[in-house]
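>>> output the structure for:
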Amino acid sequence: MIIRIGGGYAGFSEYLRTGRKQGRNQSRDQLDERVVLTGSLDLFERCVDSAAKSGDRYLHIVLSFKEDHLDSAAQRAIVEEFRRFTFCAYQQDEYLMYAESHMPRIKSYLDETTGELIERKPHVHVGIPLVNVVTGGSLNPFGLVRHNTEYVDDFQEYVNYKYGLASPKDHARSTVFDASSVLARHTGQESRDAGRRLKDELAELVRAGAFPSFEAFVCHVEQLGQTRHLYPGRAREFLHVQIPGHQKGINLSQPMFQRGFLELHPAHRKQLVTNTVDAHAYRVAEPLAAEAWEAISFHEWPAMAHWHDLRAREVRYLNSGNRKRWAAYQAADPVQRRVLLQQLQQDRTARVDRCRRAMQAGTGSELLPDPPDRGGWPALPSPLSAAATGRRADHAVSQRAQDARERRERQRLLDDDKLQALQDRVDACALLASLSHSHGLLCQKYRPEQLPGQGWRIVCGPHRLTLLEFLLREMRMPADSVHGVLLDAERHQKTTILQPLQAPDPVCWKQFRAWHQERSAAGSLPSPLGWSEAEADEVHAGLAVYRDFLVEQARTEDTASLVELRRMGAGMPVEGLEATWLTISAADDGTGQTGVVEGRGLRADVQRTGAVAYSTHGRDVLVDAHTSLHVLDLDPACLEVGLRMACQRFGPVLRLEGHADSLHLAVEAVSRSGLSVTFTAPELNAALQNAAFTETEPDENRGPRPGV
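Presented below is the predicted three-dimensional model:
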């Protein structure tokens, strides 16, 4: 788990409910299942709206997990630990805190800048109004966050150890990552300022092992401009550099530029940067057993212990703006400091008690029109949230009622005989492939198993789930969506062997980005009207334009683009094959040589699936479907051209499939043309050697076309 603390003036509630974000088209309900962990979002809104202040009116904290699955009970326990840590210097009725978990339904999205598929993991959004709801005054439990990062980091590592969560200390990023990076993933608009260019260049040097120590890194940066050390001597020490000719200085604060990282042994550093742990492993939490945890001392995390002991009260009761008090505190010895803090705490507690009594008597100026009792305050229903989640309101009490309804509904689905019969007809591999296209599922993380007499199971780490359980538990799907998803998977497995979604080739994607920027500037990007419904989805919109680029390049006889187009479209249905008379493929079922083959008098057209249709006089006569060549017209000239193309594609040994009359005409065409061909079927080779067939034109009595 990693904790990120930020702030905001407005928009927290809307973002949680709608998921609206620059470059994103999907709604929150499509992206995630929302689970309220604590508090009331409606009360949070009213409290924030009542704050008459400029600047940030609330803290927005994100708890992000590397685990693929973390149940709601564990998340609630972690949020409760965070509440106790954050507000250890406050009484419970002085503050509001709202926390909501987002459990991904869309499992990945396309990074528009690199073409990578970025995983989406469970994460928690925490909102804290910067208002003391008893006194109406300011409340800021972390003060100036950058001065208290070490305490939050220690708490973070304490929680990771206790609950068996992955720590960011063990999984360093191999690239520079900041707010602009998140935006660029959705929009494709990369930051080109001097600071970002410098960080990218330094990151490349760090990955290459150019700096054996932090001092070596400092020497290199000092050659670039005037430098200043921040947090000197600490593990998180980093440099601020002022480059000549640029007004703004640059903070090299990313973990890979900090002292603690650059002082690691080079082999350990390389392992962290390259993330050698299997990126496709399914990660689950491994919490300590209760008896093991009881043997752990709280003081294993000294910064967190200091926070509970002194620092949290210093942040609350001391203000550097009060110079006299601040100077007196700084000059005092440890015992005197505790005495001073105790006095300040007593004064503040007395003031809070007076405000509390005034509110209860109705004689004070109340901040809110309702009592600030968070546990019992009846939240107002939100039509938007109710439509999306089924809850009466975004409130912890409503969430518990919704959880009970969902358990009953899920059990009803698991007991439904018709749904069970549909589940038994669906192949788990087809379901996973279908979900990779519709929900960005990364199929490498899961292993399908077919158990004798029990049907399919999908292995998710330590769990083996039926297909229904997988959709409900792992994909977090609403109950009313499950039936349609299973039907789609059944349809796919009947019509074609759909392959899992593939990430683009990095070299081709780089060429595509240059092409895309040029077309965007000229206003001539392809229209999305020809895209499939799946491609129009946000998970695939970037890939749909990418496929348009590959088609354009492949039509100029760019073989690499055709190879990539076919890889990306593997398993997608090819149009027009229902009119096939004869199918020709390689003897070893391979793909043969890739490329657009020259056909005499035929016009080649590359399709978006990677198939190549060859036509004459406005009608298709041959289709190259990558692993096979389909003959749509048995005219002797077309048949001969098709056989010659098949020899170029697959070599001199060919496998033929089709109606007996179609095979008869194919052998005649080989004999007539003098092609050096061997068939995999012995009877066709015998017929060719004995010239037992005579030339015959196809007629209407030859039997039905295959597939018609």
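
>>> going by C-alpha atoms from here, please, whenever you check contacts or count neighbours.
Fine.

>>> residue ranges with poor pLDDT in the chain?
The chain contains residues with pLDDT under 70 at 22-23, 172-193, 267-279, 320, 362-390, 392, 495-496, 525-541, 691-708.

>>> top helix in it by residue count?
What stands out as the longest helix in the chain, according to DSSP state H, is helix 334-361.

>>> from the contact counts, what lies against it?
Counting by 3 or more C-alpha pairs under 8 Å, 6 or more residues apart in numbering; DSSP states H and E, the packing neighbours recorded for helix 334-361 are helix 312-317.

>>> which strands and helices lie in contact with the helix it packs on?
helix 334-361.

>>> show me how far the helix it packs on is from its chain's centre.
Put simply, helix 334-361 sits 47 Å off its chain's centre (C-alpha atoms, centre = their mean, to the nearest Å).

>>> the residue nearest to residue 243 when sequence neighbours are not counted: neighbour count?
Spatial nearest neighbour of residue 243, chain neighbours left out: residue 225 (4.6 Å); criterion: C-alpha to C-alpha, 6 or more residues apart in numbering. For residue 225, the tally of surrounding residues (other C-alpha atoms under 10 Å) stands at 15.

>>> try the one 5 residues further on
The number of residues packed near residue 230 is 15, by other C-alpha under 10 Å.

>>> residue 309 now?
14.

>>> cool, the one 10 residues further on as well?
Here the count is done by other C-alpha under 10 Å, and residue 319 has 12 residues near it.

>>> can you give me the helices in the stretch 601-708 of the chain?
636-650, 660-673, 682-690 (DSSP state H, counting those that start in this stretch).

>>> which of the residues in the first one are buried?
Read that as helix 636-650. The neighbour-count check on helix 636-650 (16 or more other C-alpha atoms under 10 Å) flags 636, 638-647, 649-650 as buried.

>>> can you pick out the most distant pair from these?
Maximum pairwise distance among those (C-alpha to C-alpha): 20.6 Å, between 636 and 650.

>>> check which element follows the helix or strand harbouring residue 548 along the chain.
Element membership for residue 548 (DSSP states H and E) is helix 538-554. Downstream of helix 538-554, the next assigned helix or strand under DSSP H and E is helix 559-568.

>>> just the CA coordinates for that next one, please, in CSV.
Only the C-alpha atoms of helix 559-568 are listed here, as CSV (Å, rounded to 0.1, in the frame of the first residue of the first chain):
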residue,chain,number,x,y,z
THR,A,559,5.0,-6.2,-43.8
ALA,A,560,5.8,-5.4,-40.2
SER,A,561,2.5,-3.4,-39.8
LEU,A,562,0.6,-6.4,-41.3
VAL,A,563,2.2,-8.8,-38.9
GLU,A,564,1.2,-6.5,-36.0
LEU,A,565,-2.3,-6.0,-37.3
ARG,A,566,-2.8,-9.7,-37.4
ARG,A,567,-1.4,-10.2,-33.9
MET,A,568,-3.7,-7.5,-32.5
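
>>> what's the local residue count around residue 154?
18.

>>> that one reaches residue 300, doesn't it?
No: here residue 154 does not reach residue 300: they are 9.5 Å apart, not a contact under C-alpha atoms under 8 Å.

>>> got the contact list for residue 196?
Counting by C-alpha atoms under 8 Å, 6 or more residues apart in numbering, residue 196 touches no other residue.

>>> just residue 99 next, same as before
Taking C-alpha under 8 Å, 6+ apart, we find residue 99 in contact with 36, 37, 38, 39, 79, 124, 125, 126, 127.

>>> and the second one, how far from residue 417?
Here the criterion is C-alpha to C-alpha, to the nearest Å. By it, residue 37 lies 34 Å from residue 417.

>>> cool, the third one as well?
Distance, residue 38 to residue 417, using C-alpha to C-alpha: 37 Å.

>>> quick revisit: Throw the helices of the stretch 601-708 of the chain into JSON lines and include distance to residue 398, thanks.
Output for the helices of the stretch 601-708 of the chain, formatted as JSON lines (distance: least, C-alpha to C-alpha, whole Å):
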{"stretch": "helix 636-650", "distance to residue 398": "63"}
{"stretch": "helix 660-673", "distance to residue 398": "68"}
{"stretch": "helix 682-690", "distance to residue 398": "72"}
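
>>> among the ones you listed, which is nearest residue 306?
Closest approach to residue 306 among the helices of the stretch 601-708 of the chain (C-alpha to C-alpha): helix 636-650, 72.3 Å.

>>> secondary structure element for residue 109?
Counting by DSSP H and E, residue 109 is found in strand 108-110.

>>> report all helices and strands that that strand contacts.
For strand 108-110, the packing partners by 3+ C-alpha pairs under 8 Å, 6+ apart are strand 117-119, helix 538-554.

>>> mean neighbour count and distance to residue 71 for those - can I get that in TSV?
Formatted as TSV, the helices and strands packed on strand 108-110 follow (neighbours: other C-alpha atoms under 10 Å; distance: least, C-alpha to C-alpha, whole Å):
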stretch	mean neighbour count	distance to residue 71
strand 117-119	17	18
helix 538-554	22	25
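
>>> can you add distance to residue 464 and give those back as JSON lines?
Shown next, in JSON lines, are the helices and strands packed on strand 108-110 (distance: least, C-alpha to C-alpha, whole Å):
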{"stretch": "strand 117-119", "distance to residue 464": "22"}
{"stretch": "helix 538-554", "distance to residue 464": "27"}
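
>>> for residue 347, find the nearest of those.
Among those, strand 117-119 sits nearest to residue 347 (C-alpha to C-alpha), with 49.7 Å.

>>> roughly how far is the closest one from the heart of the chain?
Counting by C-alpha atoms, centre = their mean, strand 117-119 comes out at 4 Å from the chain centroid.

>>> partners of the helix or strand that comes right after that strand, with directions?
Later in the chain than strand 117-119, the nearest helix or strand by DSSP H and E is strand 123-129. As defined by DSSP bridges, the strand partners of strand 123-129 come to strand 58-64 (antiparallel), strand 98-104 (antiparallel).

>>> name the residues that touch strand 123-129?
12, 44, 47-48, 57-65, 95-103, 139.

>>> at 6 Å what do you get?
48, 58-65, 97-102 (C-alpha atoms under 6 Å, 6 or more residues apart in numbering).

>>> same thing with stretch 115-122?
In contact with stretch 115-122 (C-alpha under 6 Å, 6+ apart) are residues 65, 68, 102, 103, 107, 108, 109, 110, 503, 504.

>>> what's the burial count for the first one?
Put plainly, it is residue 65. Per other C-alpha under 10 Å, the neighbour tally for residue 65 reads 23.

>>> the fifth one now?
Counted with other C-alpha under 10 Å, residues neighbouring residue 107 total 25.

>>> before we move on, what about residue 93?
15.

>>> repeat for the one 5 residues further on
Using other C-alpha under 10 Å, residue 98 has 24 other residues around it.

>>> repeat for residue 288
Neighbour tally, residue 288, other C-alpha under 10 Å: 13.

>>> swap in residue 623?
26.

>>> list the residues that contact the nearest residue to it once chain neighbours are set aside.
Leaving aside its chain neighbours, residue 623 sits nearest to residue 613 (4.4 Å; criterion: C-alpha to C-alpha, 6+ apart). Residues in contact with residue 613 (C-alpha under 6 Å, 6+ apart) are 604, 605, 622, 623.

>>> so which residues of the stretch 401-550 of the chain form strands?
447-451, 455-460, 463-465 (DSSP state E, counting those that start in this stretch).

>>> then residue 206 would be within a helix, right?
Yes: judged by DSSP: H, G, I helix; E, B strand; the rest coil, residue 206 forms part of a helix.

>>> if I look at it, how far off is residue 260?
14 Å.

>>> who has more neighbours out of those two?
residue 206 (21 against 17).

>>> for residue 247, give its distance to residue 548.
Residue 247 is 42 Å from residue 548, by C-alpha to C-alpha.

>>> swap that for residue 12, sorry
From residue 12 to residue 548 the distance is 37 Å (C-alpha to C-alpha).

>>> the strands paired with strand 123-129: which one's closest to residue 325?
strand 58-64 (27.1 Å).

>>> what's around residue 523, how many residues?
Neighbourhood size, residue 523 [other C-alpha under 10 Å]: 9.
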